[in-house]
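S.K.: my questions are about this predicted structure, shown below with the sequence.
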Amino acid sequence: MAALVIASRNEHKVEEIRKLLAGLAVNVLSLRDFPDAPEIEEDGATFQDNALKKARVIARFTGLATLADDSGLEVESLGGKPGVRSARFAGESASDAENNRKLLRCMADVPSQERRAQFRCVIALVSPKGAEQLVEGICPGVIIEEERGSGGFGYDPLFLVPHLGKTFAELSMEEKNRISHRGKALQRVLPIVREWLEQGLI
Ligand code: IMP
């Protein structure tokens, strides 16, 4: 059967993608199946750079079509920060709590009507047979002034979805996946995977 590698060791992410691709004749593998795969430094200037770099390196290493994603939070009043540095906003090995505290500190003087933000996710699909595609998903929201909710991860407790009146941390996983940046990007990648299977690129 055709195989697609998800360039991630995060089993939660891999499971989500597996579920989405369940109806297709493709064997979904992850980096757990390739313990010797190289570590990839996410040092690009954009989400696109990082997603493409990961997908290219792993496609070359495995000889198989590869899907890689990169995502983060962009805050309008901070000129798009933390952006590609979302995971390391408060320092190289910062915890979610430290990143959230830094975000609130940076936005202490920003009034409520100017606290717009968005999560962005870019997915790169690379075939060693010589094809590359990028798709993107965006979820708009607002950064609130104190954490709400206990689900999710990262900046979820500070990210309010205005039309739901709830933060990402107050949504079930299914509710979040339906509207999230990653959920949207994954929906967009699905028809491309189907097309590539038909064309023998996967
Ligand atoms: P990754 O590219 O999925 O590893 O995400 C990079 C960083 O962006 C994470 O460590 C989080 O800080 C932030 N991030 C990305 N997606 C989400 C999300 O859905 N909720 C909260 N934080 C996120």
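M.R.: Happy to help now that I have it.
S.K.: quick one: residues contacting the closest residue to Arg194 other than its chain neighbours.
M.R.: Nearest residue to Arg194, sequence neighbours excluded (C-beta to C-beta, 6 or more residues apart in numbering): Leu24, at 6.6 Å. For glycine as for every other residue, the C-beta is placed from the backbone atoms N, C-alpha and C. Leu24 makes contacts with 193-194, 197, as judged by C-beta atoms under 8 Å, 6 or more residues apart in numbering.
S.K.: how about JSON lines for those residues, with neighbour count added?
M.R.: Formatted as JSON lines, the contacts of Leu24 follow (neighbours: other C-beta atoms under 10 Å):
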{"residue": "Val193", "neighbour count": "24"}
{"residue": "Arg194", "neighbour count": "15"}
{"residue": "Leu197", "neighbour count": "17"}
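S.K.: just the residues you listed now: which is nearest Gln113?
M.R.: Checking the contacts of Leu24 against Gln113 by C-beta to C-beta gives Val193 as the nearest, at 40.7 Å.
S.K.: tell me how many other residues crowd Met1.
M.R.: Close neighbours of Met1, defined as other C-beta atoms under 10 Å, add up to 6.
S.K.: so it sits against Ala25, correct?
M.R.: Yes - contact status for Met1 versus Ala25: in contact at 6.0 Å, counting by C-beta atoms under 8 Å.
S.K.: tell me the confidence at Leu164?
M.R.: According to the prediction, Leu164 has pLDDT 98.
S.K.: so how many other residues sit close to the residue of the chain found nearest the ligand?
M.R.: As assessed by C-beta to the nearest ligand atom, the ligand sits closest to Gly154 within the chain, at 2.4 Å. By other C-beta under 10 Å, 19 other residues sit near Gly154.
S.K.: what does the pLDDT read for the residue nearest to Arg194?
M.R.: We have a pLDDT of 92 for Leu24.
S.K.: give me the number of residues near Asn27?
M.R.: Neighbour tally, Asn27, other C-beta under 10 Å: 14.
S.K.: that older thread, list the residues that contact the residue of the chain closest to the ligand.
M.R.: The neighbours of Gly154, taking C-beta under 8 Å, 6+ apart as the test, are 73, 86-87, 96, 99.
S.K.: out of the contacts of Leu24, who's nearest Gln133?
M.R.: Of the contacts of Leu24, the one sitting nearest to Gln133 (C-beta to C-beta) turns out to be Val193, at 9.5 Å.
S.K.: mean confidence for the helix or strand where that closest one lies?
M.R.: Assignment of secondary structure by DSSP states H and E places Val193 within helix 181-199. Here helix 181-199 scores 96 as its mean pLDDT.
S.K.: what kind of secondary structure is the residue lying farthest from the centre of the chain in?
M.R.: Going by C-alpha atoms, centre = their mean, the residue of the chain most distant from its centre is Asp109, 28.8 Å out. At Asp109, secondary structure determined by DSSP: H, G, I helix; E, B strand; the rest coil is coil.
S.K.: residues from this protein in reach of the ligand?
M.R.: The interface of the chain toward the ligand, taken as C-beta under 6 Å from any ligand atom, is made up of 70-73, 86-87, 99, 119, 152-156, 168, 180.
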